[in-house]
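Novice: Show me how the following folds:
(one chain, ligands or ions: 1)
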Amino acid sequence: MKKIIALALVLVMVLSLAACGSSGSSNDVKTYKVGVAIYQYNDNFMTLYRQEIENYFKTLETDTVKYEITMVDGKNDMGEQTNQIDTFITQKMDVIICNLVQTSSAEVIIDKVVAAGIPLVLINREPLGDNGDESYPGIINNDKVCYVGADARQSGTYQGEIVLALDNKGDINGDGVVSYVMVVGDPENPDAQYRTEYSVKALTDAGVQVKELVKNVGNWDQTKGQEIVAAALAQYGDEIEVVFCNNDGMALGAAAAIQAAGRTVGQDIYLLGVDALDECQEMVQKGTMTGTVLNDHIGQSHTAVDVAVKALNGEPMDNYYWVDYVKVDASYFG
Ligand code: GAL
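Specialist: Okay, here's the model as predicted:
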């Protein structure tokens, strides 16, 4: 009898061990470590973007594949971000997604991540050379590094085209010249450089004469946008016909300044932004903003994650992935 009980016990133990080894055990789940470095959390557009990175990774999880995301705030400080990347390397991340604080530091970051054998997906800020106007064909040249972004020239051109589509082509006072204020995001950032240049270029290419009254740096920030435009309105008053802002955050500030100065968008002044934040889309629909350009954070974040997953699966990446902008003016809403 004792023998039978002992045998039964052994059998139970063997069976339960076997059950442990089958599906559901942690051994069957592959967890990838993903490091995401954002230039600054305090940024309207990048907040939408980073939240979508997390959401989308979640949707790709299965019973056997998980993504452990460590996301960090660079606080607009390149030194801080470099330390964060060093920590990611020490933590042996399986892939790193990085929104550079300074594009001029691209080479340093790329070199160290590549040396650590970790795939790198750069997002939102296109890495430029030290002279500030050339892509880095020599640096993004292996299949473990890529850039996912939108061509900022297109967004600038769309801003200009929205003005050109107006009956008076932006020339409210009929003096033959479009007098404008330019609110610049960040002079080191290619998005800001290209939007500044191409918005005006669209007008001049179409034969429209322009006059720049004020050009000032607002660092993508709503309060700074408001200050710049309030000062410009105080100085130039009715002379200002168009306010170009490199992003919607600053355009929201500009809108407040325009209202405070007793001016009316669509009647005696035009206001343009980029990003198509929800509140700005509503303003365009209501006519309190002339136009904006959709900076597709869904398309960009999904592409960045899809490419990161490709790299995790050992597949080569292309060096560049581009996502289109979309023009948003009154006609966009039908
Ligand atoms: C731009 C965006 C801005 C700001 C910037 C940060 O693409 O339009 O609002 O988020 O990126 O680099």
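Novice: contacts, neighbours, all on C-alpha from now
Specialist: Will do.
Novice: Give me every residue in this protein lying close to the ligand.
Specialist: Listed as neighbours of the ligand in the chain under the rule C-alpha under 6 Å from any ligand atom: 43, 45-46, 124-125, 191, 220, 247, 274-275.
Novice: Out of those residues, flag the one nearest to Gly237.
Specialist: Minimum separation from Gly237 among the residues of the chain next to the ligand (C-alpha to C-alpha) is found for Asn247, which lies at 22.5 Å.
Novice: coming back round to it: ranking by neighbours, what's the top pick from the residues of the chain next to the ligand?
Specialist: Neighbour counts for the residues of the chain next to the ligand, by other C-alpha atoms under 10 Å, peak at Asn247, which reaches 32 neighbours.
Novice: so where's the stretch 51-200 of the chain shaky on pLDDT?
Specialist: For the stretch 51-200 of the chain, the stretches with pLDDT under 70 are 129-139.
Novice: In contact with the residue nearest the centre of the chain, which residues are there?
Specialist: Among the residues of the chain, the smallest C-alpha distance to the mean C-alpha position (C-alpha atoms, centre = their mean) belongs to Asn124, namely 4.1 Å. By C-alpha atoms under 8 Å, 6 or more residues apart in numbering, the residues touching Asn124 are 99, 148-150.
Novice: And the residue of the stretch 101-250 of the chain closest to the ligand?
Specialist: When scored by C-alpha to the nearest ligand atom, the stretch 101-250 of the chain has Asn247 as its residue closest to the ligand, at 4.8 Å.
Novice: which stretches of the stretch 101-250 of the chain form strands?
Specialist: Chain-ordered strands for the stretch 101-250 of the chain, with DSSP state E, counting those that start in this stretch as the definition, fall at 120-123, 145-149, 177-184, 209-217, 242-245.
Novice: Would you point to the one among these that's packed deepest?
Specialist: Between the strands of the stretch 101-250 of the chain, the one whose residues have the most neighbours on average, counting mean count of other C-alpha atoms under 10 Å, is strand 242-245 (a mean of 28).
Novice: Packing partners of that strand?
Specialist: Applying 3 or more C-alpha pairs under 8 Å, 6 or more residues apart in numbering; DSSP states H and E, we find strand 242-245 packed against strand 177-184, helix 248-260, strand 270-272.
Novice: give me that answer again for 7 Å
Specialist: Using 3 or more C-alpha pairs under 7 Å, 6 or more residues apart in numbering; DSSP states H and E as the contact definition, the elements that strand 242-245 packs against are strand 177-184, strand 270-272.
Novice: rewinding a little: turn the strands of the stretch 101-250 of the chain into CSV, columns for distance to Tyr39.
Specialist: Conversion of those to CSV gives the following (distance: least, C-alpha to C-alpha, whole Å):
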stretch, distance to Tyr39
strand 120-123, 10
strand 145-149, 15
strand 177-184, 18
strand 209-217, 18
strand 242-245, 20
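Novice: Contact partners for Ala37?
Specialist: Going by C-alpha atoms under 7 Å, 6 or more residues apart in numbering, Ala37 touches 71-74, 97-99.
Novice: Domain ranges for the protein, per the record?
Specialist: Here the domain parsing of the chain from automatic domain parsing is 30-150+296-323, 153-294.
Novice: Tell me which of these is the most buried.
Specialist: Mean neighbour counts were taken over the domains of the chain using mean count of other C-alpha under 10 Å, and the top value, a mean of 21, falls to domain 153-294.
Novice: and the end-to-end length of that one?
Specialist: One end of domain 153-294 to the other measures 13 Å (C-alpha to C-alpha, to the nearest Å).
Novice: Give me the distance from that domain to the chain's centre.
Specialist: A distance of 20 Å separates the centroid of the chain from that of domain 153-294, by C-alpha atoms, centre = their mean, to the nearest Å.
Novice: Equivalent analysis for stretch 93-109, please.
Specialist: Here the centre of mass of C-alpha atoms in stretch 93-109, compared against the chain's by C-alpha atoms, centre = their mean, lies 14 Å away.
Novice: List the contacts of it.
Specialist: Here stretch 93-109 makes contact (C-alpha under 7 Å, 6+ apart) with 32-39, 74, 76-78, 118-130, 139, 308, 312.
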